[in-house]
Each structure stands twice: as C-alpha cells, then as structure tokens.
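>>> kindly return the folded structure for what I paste below:
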Amino acid sequence: LLVLTGTYDQLIGHVVFASWIFYAMACVGVFILRKRDPHSIRPYKAWGYPASLVVFVFFSLYLVVNTVVENPAGAALGIGLIAAGIPAYFYWRRR
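Reported below is the predicted structural model:
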C-alpha cells in the first residue's frame, strides 16, 4: 500500500526512521542482557563497550528526534508502520 501511495524517497524515509528506532533498541538490549546475566559466556565482545554503545544510542535518538521535529507527518507514518505490525506479532506469537 505504501509503495502505491508515495514516492521512493518518502518510502525510504519512513523505513529508515523506523529502522533507527530498532537500532537504538538493539543497543539498549545489549545493556539489559549484560546487566541481567553478567557471568554469561560472551562469544563476541562489543568494541569500546560501554562507551561506543552509549554514543550510538544517543546518535540514534538524535536522528529519531530530529526526524520528528523536521518531518512530523513522516515520523507519524513511520511509527504507524511499526504499530501496524503489532497485531501480526501477537497473532504469530500465539500460534
């Protein structure tokens, strides 16, 4: 539906906005998992941990907030894309 209603630039803008939210959440997830299970064996190490992850999370949040300020309609559509997947998540999680 999005492909039929917008230009390529608009579509990329919505997808990139949504992806930066998930990039930030993934980095925050690293902090949570390392706090929850500090003695777990780590098959790889995050370079510069924790400073590199903190910088990346702040950079991601800056991009998300900047998009909301500069293009609120596009940001709302990006959040709408994410919200549209929530019912599908619960449907397939239940199965």
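
>>> distance check, the most centrally placed residue in the chain against Val69.
The geometric centre of the chain, computed from its C-alpha atoms, lies nearest to Phe22 (Cα atoms, centre = their mean), at 1.4 Å. According to Cβ to Cβ, to the nearest Å, Phe22 stands 20 Å off from Val69. (Glycine included, C-beta is placed from N, CA and C.)

>>> enumerate every residue touching the residue nearest to the centre of the chain.
Contact partners of Phe22, counting by Cβ atoms under 8 Å, 6 or more residues apart in numbering, are absent.

>>> buried residues in the helix or strand in which Tyr23 is found?
Assigned by DSSP states H and E, Tyr23 falls within helix 8-36. Taking 16 or more other Cβ atoms under 10 Å as the neighbour-count basis, helix 8-36 is seen to contain the buried residues Gly13, His14, Phe17, Ala18, Trp20, Ile21, Tyr23, Ala24, Cys27.

>>> next: stretch 57-77.
Val57, Ser60, Leu63, Val64, Thr67, Asn71, Gly74, Ala75, Leu77.

>>> can you list those in TSV and add pLDDT, distance to Tyr91 and secondary structure?
Converted to TSV, the buried residues of stretch 57-77 look like this (pLDDT from 0 to 100; distance: Cβ to Cβ, whole Å; DSSP: H, G, I helix; E, B strand; the rest coil):
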residue	pLDDT	distance to Tyr91	secondary structure
Val57	95	30	helix
Ser60	95	29	helix
Leu63	93	31	helix
Val64	93	27	helix
Thr67	90	29	helix
Asn71	87	31	coil
Gly74	83	27	helix
Ala75	87	26	helix
Leu77	83	23	helix
